[in-house]
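> A predicted structure for the sequence below; I have some questions about it.
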Amino acid sequence: MTERPSGYALNAHTTTPDDTPVAPGTSIRGRGARSNISGRYEAFQREAFDDGWGVDGEEVSALRTTVLKDASRSIIATNQSPDISFDQSINPYRGCEHGCIYCYARPSHAYWGYSPGLDFESVIFTKPEGAKLLEQFFNRPGYRPKPIVIGANTDAWQPIEKRLEITRDILKVFARYKHPVSFITKSTLVLRDLDILGPMAEQGLAKGAISLTTLDRKLARDMEPRAAAPHRRLKAIEGLASAGLPVTVMMAPIIPAITDREIEPLLEQAAGAGASSAGYVLLRLPMEIRDLFREWLAEKRPDAASRVISLMRQMRGGRDYDPTWMRRGRGQGPFAEMIAKRFRAAMRCHQLDTRQKPLDFTRFERPLGDAEQPGLF
C-alpha cells in the first residue's frame, strides 16, 4: 500500500491548505464529494460531526491536490464484463480531479487505503511510465491488436494532464505503432491532441466519445465541479468531428428526476455539434457511492432527493443498486423502459443510430528502430 503523504487528510477528516477541519454542511470549493467517508477496507468507520464551531453552509478554501506515483508494472487493464464492448483499457491516472459525484470509479480508491470521497478527487496517482509500458506491451511476442479504450475508468484528460502530458505520450505510441485507439472524456483538453488524433482518424485508427450529462451549467458545476462546462463539451464534439473522428455522445449517467428530462434536447445539440452516435448509462450507486450521492442530494437537490431515490429503487428491483450484468447500466421496470424508448426515439430523430465504421486493425506494425526491435543498419 502506498504511504499517505504527511499532513494530508485521513478518512475521517477533510483538511484545507491550513489543515483546518471541515464541519458538516461546509462546502469544499471545487470539489464534488461532501465528505471523506471511510473506505470499506478500513478497520474503523469514522463519522464527522458538527461541534458547534462551524457555520452551516460556509465555504472554505479549496482542498489541495496531492500527486503520487503509481508503480504499476502494466498499463493495460482488462475486464471480462459481458455488457462492455471492450476488454482492454488504459487509465493514465487513478482518482480524478473532475470530482463527479456519481463516478463509478470512486470505490476503487478504497483499495489503496484512501476514501472514495474527497480523497478520490484530491489524491491522484499518476503513471509517468505509461508510454514506455505500452510500447513494451505492443512489442510482446505474438501480440495481435485488439480494441483498447483510454479513460474507461478515470478521465485521461483531467486537469493534471495539461502539465504532465502522460496521455499525450501514450497517444504518440498508438500513432507510431498504427494501433487503433478509442477514448472517452469530458474534457476539452483532448483538442490539444488533434495533431495526433486527426491523422490517425484519417487512417481509421481513432474514434472518441464525449460524456455529456446535462446542458444545465449550474447543475454541471454542482455535480461535476472541475469538468468542462456543457457548452465547452459541445465544442469538443465539434472539434473532434471536424478533425475527422467519429464521435459518440455519452449521456452517462442519466439521473431520474434530475437529468432524464434533458434526453431529447441534449441529443439534439450533440448531433448539431457533429456527434454521429449516442449511448447512455443509468445512474449506478454501488458501494460507497450510495452514501456519497445521498449526501450530495441532501445538500444540492434536497427537493428532488426522495424522488430520485424512489425512482432508482424502482429501476433496481427495490434496491439501491443491482450489479447484474446487462441490467446494471440500464435498469428494469416501467420507468427504465420509458427512458430506453425515449433515448432510442431521440437517436433516430437526430440520426445518431447509425453504426460507426469499425477501426482498422490491419495497419498495426512495430516500427523499426525501437529498443526492442532494432533497425537493419
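Good, I have the coordinates.

> so where's the stretch 1-150 of the chain uncertain?
1-27, 32, 34-62, 83 (pLDDT under 70).

> ok, which stretches of it are helices?
Residue ranges of the helices in the stretch 1-150 of the chain, as given by DSSP state H, counting those that start in this stretch, are 118-122, 130-138.

> just the strands in the chain please.
Ranges of strands in the chain, per DSSP state E, are 27-28, 59-60, 66-69, 76-78, 88-90, 93-94, 123-126, 149-150, 181-185, 206-211, 247-254, 277-282.

> strands paired with the fifth one, and their directions?
The sheet places strand 88-90 alongside strand 76-78 (antiparallel), strand 149-150 (parallel), with pairing taken from DSSP bridges.

> tell me the most buried of the ones you listed?
Of all the strands paired with strand 88-90, strand 149-150 has the most neighbours on average by mean count of other Cβ atoms under 10 Å, namely a mean of 22. (Glycine included, C-beta is placed from N, CA and C.)

> what's the spacing between that one and its chain's center?
Computed by Cα atoms, centre = their mean, to the nearest Å, the chain-centroid distance of strand 149-150 equals 11 Å.

> what sits up against that strand?
The contact list for strand 149-150 (Cβ atoms under 8 Å, 6 or more residues apart in numbering) reads 86, 88-92, 156, 167, 170-171, 181-184.

> run the last query once more with 6 Å
Strand 149-150 is contacted from outside by 86, 89, 90, 156, 182, 183, using Cβ atoms under 6 Å, 6 or more residues apart in numbering.

> switch those over to TSV; also include distance to residue 213 and neighbour count.
Formatted as TSV, those follow (distance: Cβ to Cβ, whole Å; neighbours: other Cβ atoms under 10 Å):
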residue	distance to residue 213	neighbour count
86	21	14
89	21	22
90	23	25
156	18	29
182	20	23
183	17	27
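
> let me have the strands paired with strand 88-90 in JSON lines, extended by distance to residue 189.
Shown next, in JSON lines, are the strands paired with strand 88-90 (distance: least, Cβ to Cβ, whole Å):
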{"stretch": "strand 76-78", "distance to residue 189": "22"}
{"stretch": "strand 149-150", "distance to residue 189": "13"}
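
> for residue 134, find the nearest of those.
Closest approach to residue 134 among those is made by strand 76-78 (7.7 Å; Cβ to Cβ).

> which among the contacts of strand 149-150 gets closest to residue 198?
Proximity of the contacts of strand 149-150 to residue 198 (Cβ to Cβ) peaks at residue 183, which lies at 13.8 Å.

> list the beta-bridge partners for the closest residue to the closest one other than its chain neighbours.
Distances taken as Cβ to Cβ, 6 or more residues apart in numbering place residue 150 nearest to residue 183, at 4.1 Å, with adjacent residues excluded. Counting by DSSP bridges, residue 150 is bridged to residue 90, residue 183.

> where's residue 150 relative to residue 130, distance?
Separation of residue 150 from residue 130 (Cβ to Cβ, to the nearest Å): 10 Å.

> what's the burial count for residue 338?
As a burial measure, residue 338 scores 12 neighbours (other Cβ atoms under 10 Å).

> how about the contacts made by it?
Taking Cβ under 6 Å, 6+ apart, we find residue 338 in contact with no residue.

> and residue 174, by the same measure?
Going by Cβ under 6 Å, 6+ apart, residue 174 touches residue 181.

> before we move on, what about the one 4 residues further on?
When the contact criterion is Cβ under 6 Å, 6+ apart, the partners of residue 178 are 363, 364, 365.

> repeat that with 7 Å
Each residue near residue 178 by Cβ atoms under 7 Å, 6 or more residues apart in numbering is listed here: 203, 205, 363, 364, 365.

> from residue 182, how far out is the closest residue in space to the fourth one that isn't next to it in sequence?
Once its chain neighbours are removed from consideration, residue 364 has its nearest residue in residue 145; the separation is 4.2 Å (Cβ to Cβ, 6+ apart). According to Cβ to Cβ, residue 145 and residue 182 sit 13 Å apart.

> can you count the residues close to residue 123?
For residue 123, the neighbour count with other Cβ under 10 Å is 24.

> residue 112 versus that one, what's the distance?
8 Å.

> residue 240 now?
33 Å.

> neighbour count for those two, which is higher?
Higher neighbour count among residue 240 and residue 112: residue 240, with 28 against 18, using other Cβ under 10 Å.

> OK, contacts around residue 364?
Residues near residue 364 by Cβ under 7 Å, 6+ apart: 145, 177, 178, 179.

> how far away is residue 366 from residue 167?
22 Å.

> same check on residue 89?
Going from residue 89 to residue 167 by Cβ to Cβ gives 13 Å.
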